[in-house]
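# Generate a structure from the sequence data that follows.
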Amino acid sequence: MKTDTVRGVLWVLTGTFVFSLVFASGKLSGGTVPVLQIVFIRYLGGLVVLLTASALLREARVFATPQPFMHAMRALCGIGAALCIVYAPMHMPIADATAIGLTQGMLVIVLAVLFLGERVTARHWLAALVCTAGALIVVRGDAGGPSLASTHLFPALVAFLGALLLASEIILIKVLSARERPFTILIWVNGIATLLLTVPIALTWEPVPLGTLLPLCLLGPLAIFGQYCNIRGFRLADASLVGPIGYSWIVFAGLIGFVFFGERPGPATLAGVTLIVGGGVALTRMHARRPAPAVAVPPAAPALAPAVEPAGEPAVPPDAARPSRS
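Have a look, this model is predicted:
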């Protein structure tokens, strides 16, 4: 129905906006809070929300899993992606960091071919090359001015590493989701990530003013709410329609950079973003139209609550190359 489609689009737009705030949290906090602390607070906040929901629903089955190693691998990728995605905008224009981060849609395709044995066509590779060209243009910068390669090379590389780790996490989510309930996936990643970060945080914690700490405590709940919005959107509308809406991340990131920091994207950034978004949308639509493979997959157990994907990156349908993004 047309009404459901409109509602689905609005839900995904809301989720993307929420994650744009989460990803820009390091810069919005003034750049004074260590990235490791921001990521720890985010995972801890998400874990508290999930444990509270589990207790209220009196559901203990969410803790049972036959794949603890896969959850641990996914948590490591998630931690790394979150550190990179929060760090990069703190040290370079938000729109530029976001543009590079959007290449994760293309990287998902590459990893799916390498590790899941998925088949892609020449059109998929062409769209992936378009995304890559866009990222290189953003890094190269505007003619006649300083390029990111000379002024922000390290943050740009960190942004790309974040995209690679996020794409790796998405591949692991696809593997886990074949047998695990969404709530189980969520609670394990938040729990393992919090546990892994506890010792480093205890050794390196720096005092944070209460006025800065309180907004950061909202990151975990915000990330879960963002996932809820994305899931609602994909349930109401076709993936081929709402999938590309995730690329509105670059619009929200640009607005945040302009409103709060006076950042104005230059011609090179705009050109690069056009190629990245164009290639990403093409990849999304090609995957959405691809017939599902005839593979018998054991049905997942019923979800404990409305399905929500991992707190920290935008929800990505198993066969859709779209942004988001831990």
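# only C-alpha atoms for contact and neighbour calcs from this point on.
Noted.
# The closest residue in space to P221 that isn't next to it in sequence: which element?
Once flanking residues are discounted, P221 sits nearest to G46: 5.5 Å by CA to CA, 6 or more residues apart in numbering. Following DSSP states H and E, one finds G46 within helix 35-57.
# likewise T274?
helix 267-289.
# Retrieve the pLDDT associated with L219.
Note on L219: pLDDT of 95.
# any idea how far it is from G46?
In this view, L219 and G46 are 8 Å apart by CA to CA, to the nearest Å.
# who's more crowded, the two?
Counted by other CA atoms under 10 Å, L219 and G46 do not tie: G46 has more neighbours, with 30 against 27.
# Can you name the residues that contact the more buried one?
By CA atoms under 8 Å, 6 or more residues apart in numbering, the contact list for G46 reads 190, 219-221, 223-224, 311.
# quick one: average confidence on stretch 72-89?
So the average pLDDT for stretch 72-89 ends up being 95.
# who touches that stretch?
With CA under 8 Å, 6+ apart, stretch 72-89 has contacts from 23-27, 35-36, 39, 94, 97-98, 101, 155-156, 158-159, 161-166, 168-169, 172-173, 189-190, 192-193, 312, 326.
# hmm, back to that, tell me which residues in the helix holding T274 are buried?
268-270, 272-288 (16 or more other CA atoms under 10 Å).
# low pLDDT regions in the protein?
For the chain, residues meeting the criterion pLDDT under 70 lie at 1, 141-151, 239-243, 287-326.
# at 50 what do you get?
143-144, 292-322, 324-326 (pLDDT under 50).
# Longest helix in it, by number of residues?
In the chain, taking DSSP state H as the definition, the longest helix is helix 153-177.
# what's the next secondary structure element after that one?
helix 182-204.
# Now the two most distant members of the contacts of G46.
Distance extremes for the contacts of G46: the farthest pair is N190 and L219 at 12.6 Å, using CA to CA.
# just to revisit the earlier point, from the contacts of stretch 72-89, list just the buried residues.
23-27, 35-36, 39, 94, 97-98, 101, 155-156, 158-159, 161-166, 168-169, 172-173, 189-190, 192-193, 312, 326.
# Not counting sequence-adjacent ones, nearest residue to V49?
P221 (6.5 Å).
# In contact with that neighbour: list those residues for me.
Applying CA under 8 Å, 6+ apart, the residues near P221 are 45-46, 49.
# from the residues you listed, which is closest to H71?
Nearest to H71 among the contacts of P221, with distances taken as CA to CA, is G46, at 15.9 Å.
# Serialize the contacts of P221 to CSV and add fields for distance to L136.
Below are the contacts of P221 laid out as CSV (distance: CA to CA, whole Å):
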residue, distance to L136
G45, 36
G46, 35
V49, 39
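# Of those residues, which is the nearest to R179?
Nearest member of these to R179, counting by CA to CA, is G46, at 22.3 Å.
# Could you measure from that closest one over to A178?
23 Å.
# do R74 as well
When R74 is compared with A178 (using CA to CA), they lie 15 Å apart.
# more neighbours, those two?
Between R74 and A178, R74 has the larger neighbour count (other CA under 10 Å), namely 27 against 15.
# Can you tell me the element the more buried one falls in?
Residue-wise, R74 maps onto helix 68-90 under DSSP H and E.
# For that helix, could you pull out the residues that count as buried?
70-72, 74-90.
# Dump it to PDB, keeping only the CA atoms.
Provided in PDB are the C-alpha atoms of helix 68-90 (Å, rounded to 0.1, in the frame of the first residue of the first chain):
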ATOM      1  CA  PRO A  68      29.900 -17.900  20.700                       C
ATOM      2  CA  PHE A  69      33.000 -17.600  18.600                       C
ATOM      3  CA  MET A  70      31.200 -16.000  15.700                       C
ATOM      4  CA  HIS A  71      29.600 -13.500  18.100                       C
ATOM      5  CA  ALA A  72      33.100 -12.700  19.500                       C
ATOM      6  CA  MET A  73      34.400 -12.100  16.000                       C
ATOM      7  CA  ARG A  74      31.500  -9.900  15.200                       C
ATOM      8  CA  ALA A  75      32.000  -7.900  18.400                       C
ATOM      9  CA  LEU A  76      35.700  -7.400  17.500                       C
ATOM     10  CA  CYS A  77      34.700  -6.100  14.100                       C
ATOM     11  CA  GLY A  78      32.000  -3.900  15.600                       C
ATOM     12  CA  ILE A  79      34.300  -2.400  18.200                       C
ATOM     13  CA  GLY A  80      36.900  -1.600  15.500                       C
ATOM     14  CA  ALA A  81      34.300  -0.200  13.200                       C
ATOM     15  CA  ALA A  82      32.800   2.000  15.900                       C
ATOM     16  CA  LEU A  83      36.200   3.300  16.900                       C
ATOM     17  CA  CYS A  84      37.100   4.300  13.300                       C
ATOM     18  CA  ILE A  85      33.700   5.700  12.500                       C
ATOM     19  CA  VAL A  86      33.700   8.000  15.600                       C
ATOM     20  CA  TYR A  87      37.400   8.900  15.200                       C
ATOM     21  CA  ALA A  88      37.400   9.900  11.600                       C
ATOM     22  CA  PRO A  89      34.900  12.800  11.700                       C
ATOM     23  CA  MET A  90      36.700  14.200  14.800                       C
END
